[in-house]
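> sequence and predicted model, in that order:
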Amino acid sequence: MLDPKWDVVTENESSEPTQRTSLYVATIGNSVVGVIGTRLCGMGSERKRAELIPMSIASEWQNLDVERRLLEHAVEAVRGDSSNIFFFSSPATEKYDALYRAHGFRVHMGNGILSNCGPVKTEFCKPLHQKGVTIRPYERKDKQIAMRLFIDGIMEVFDPATRPHLYKENLEWAQTTSQGYDDVASMMNAANGGRIFVAANGEDEVIGTVGVLVSDEDKAKNRVELKRMSVDPRYRSCGVGRALLERVMEYSRRDLQAKTMWLESLEDYRPAVAMYKKYGFKLTRQYRHEGDEPNTKTDEFVNVVFYARWL
């Protein structure tokens, strides 16, 4: 689909000087295809909560990724001013509940909140700054969770109903490649300094991974390859991916003395690609992959993209 363009159509302070309400619209061409809002409280002091104003999507654009991108845009817009973001689900908005859950929103106050108008509501909340997360080197005990995160991350953009051949091909590849966690030293070429880092929460549960591979060719050219970036969906948009990326960049620059970092990804992994761009990665090349099977349908394809940046 075409990329939506974002505009802040209102940004008004209420009668209370510590509140601000913003409304964001997504447009494609000259058409408004979706809208979402946020309401901040406690500005100018310690971080307070941000309320999400329910989104609305034009019927012809529903189920075409606009909902997800609107939500991600609103969350990023309030991250610097808020410690968490919440919303009240009601029968009118519950069709989006699965989307909110997939982006880390969890029930904060059960199914018994009564609004002034009467209907029962449920409050969902999502932390915007993950506390207690540490970045540490991969350990053998992390194997099973790291493998699951890797496979789930690869497969989340392949629908077996619409991309059956690519689904099968990538599932087989992901399952085979994940076995590399049996011998990380070999997988990441540890002899040249390659390694994997994990993000762990306060209970030392692995919630994200990232790696740096140093091939002999890359070592000769003072460059490294970013690999195995994956974050548990429950912890996305909480800064975990950024913490992992910053840690592996710091390691590559300081310990490996690398001058550049490059990566290979799929255009479909939009949140990850957007993060790479924010950190200065530039597109260097791309190509269209239609699958390895001879009978792959011509409408089954992915755009493979390569990005790089100076360290």
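Happy to help now that I have it.
> mind listing what Tyr181 touches?
Lys143, Ala146, Met147, Phe150, Met187 (Cβ atoms under 8 Å, 6 or more residues apart in numbering). Where C-beta positions appear, they are placed from N, C-alpha and C, glycine not excepted.
> and the strand or helix carrying Asn84, which strands flank it?
According to DSSP states H and E, Asn84 maps onto strand 82-89. Strand 82-89 pairs in its sheet with strand 48-57 (parallel), strand 120-127 (antiparallel), by DSSP bridges.
> other residues contacting the helix or strand hosting Tyr251?
Secondary structure from DSSP H and E places Tyr251 in helix 240-254. Residues from elsewhere that reach helix 240-254, judged by Cβ under 8 Å, 6+ apart: 130, 133, 135, 195, 197, 199, 207-212, 224, 226, 229, 231-232, 258, 261, 271-272, 275-276, 279, 311.
> pLDDT weak spots in the stretch 51-200 of the chain?
Applying pLDDT under 70 to the stretch 51-200 of the chain flags residues 62-64, 83, 108-121, 129-131.
> would you map the helices across it?
66-78, 97-102, 143-155, 164-178, 184-187 (DSSP state H, counting those that start in this stretch).
> got it, and the stretch 201-311 of the chain?
Secondary structure of the stretch 201-311 of the chain (DSSP H, counting those that start in this stretch): helices at 216-220, 240-254, 270-278.
> list the buried residues of stretch 238-251.
For stretch 238-251, a neighbour-count test (16 or more other Cβ atoms under 10 Å) marks Cys238, Gly239, Val240, Gly241, Ala243, Leu244, Leu245, Arg247, Val248, Met249, Tyr251 as buried.
> any idea which residue sits dead centre in this structure?
Pro271 (4.4 Å; Cα atoms, centre = their mean).
> got the angle for the helix holding Tyr251 vs helix 270-278?
Per axes from the mean of the first three to the mean of the last three Cα atoms, to 10 degrees, the angle that helix 240-254 makes with helix 270-278 is 40 degrees.
> how far away from the center of its chain is helix 240-254?
Put simply, helix 240-254 sits 16 Å off its chain's centre (Cα atoms, centre = their mean, to the nearest Å).
> now do stretch 249-262
Distance of stretch 249-262 from the chain centroid (Cα atoms, centre = their mean) equals 23 Å.
> and it, end to end?
From its first residue to its last, stretch 249-262 covers 11 Å (Cα to Cα, to the nearest Å).
> buried by neighbour count: which residues of that stretch qualify?
For stretch 249-262, the neighbour count (16+ other Cβ under 10 Å) marks Met249, Tyr251, Ser252, Leu256, Ala258, Met261 as buried.
> any idea which of the residues you listed is closest to His289?
Met261 (22.7 Å; Cβ to Cβ).
> ok so, going back, just send the helices of the stretch 201-311 of the chain back as a markdown table, with distance to Phe105 too.
Shown next, in a markdown table, are these (distance: least, Cβ to Cβ, whole Å):
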| stretch | distance to Phe105 |
| --- | --- |
| helix 216-220 | 40 |
| helix 240-254 | 16 |
| helix 270-278 | 16 |
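> could I get these as CSV with mean pLDDT and distance to Tyr287?
As requested, the helices of the stretch 201-311 of the chain are arranged in CSV below (pLDDT from 0 to 100; distance: least, Cβ to Cβ, whole Å):
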stretch, mean pLDDT, distance to Tyr287
helix 216-220, 96, 20
helix 240-254, 92, 24
helix 270-278, 89, 15
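> quick one: closest of the ones you listed to Leu166.
Proximity to Leu166 (Cβ to Cβ) singles out helix 270-278 among the helices of the stretch 201-311 of the chain, at 17.1 Å.
> for that closest one, what is the distance to the chain centroid?
Using Cα atoms, centre = their mean, the offset of helix 270-278 from its chain centre is 8 Å.
> go on, stretch 256-275?
13 Å.
> contacting residues around that stretch?
69, 72, 157, 193, 212, 214, 221-227, 229, 236-237, 241-242, 245, 249, 252, 276, 281, 284, 286, 302-311.
> before we move on, the earlier item: most neighbours per residue, which of the helices of the stretch 51-200 of the chain?
helix 66-78 (a mean of 20; mean count of other Cβ atoms under 10 Å).
> same for that helix, what does it pack against?
strand 19-28, strand 31-41, strand 48-57, strand 82-89, helix 97-102 (3 or more Cβ pairs under 8 Å, 6 or more residues apart in numbering; DSSP states H and E).
> and the contacts of the last one?
Read that as helix 97-102. For helix 97-102, contacts defined as Cβ under 8 Å, 6+ apart pick out Glu67, Arg68, Leu71, Phe87, Ser89, Phe124, Lys126, Pro233.
> ok, the third one touching Gly37?
Okay, so that is Leu71. No - using Cβ atoms under 8 Å, Leu71 is not in contact with Gly37, being 11.7 Å away.
> now render the strands paired with strand 82-89 as CSV, adding mean neighbour count.
Below are the strands paired with strand 82-89 laid out as CSV (neighbours: other Cβ atoms under 10 Å):
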stretch, mean neighbour count
strand 48-57, 18
strand 120-127, 18
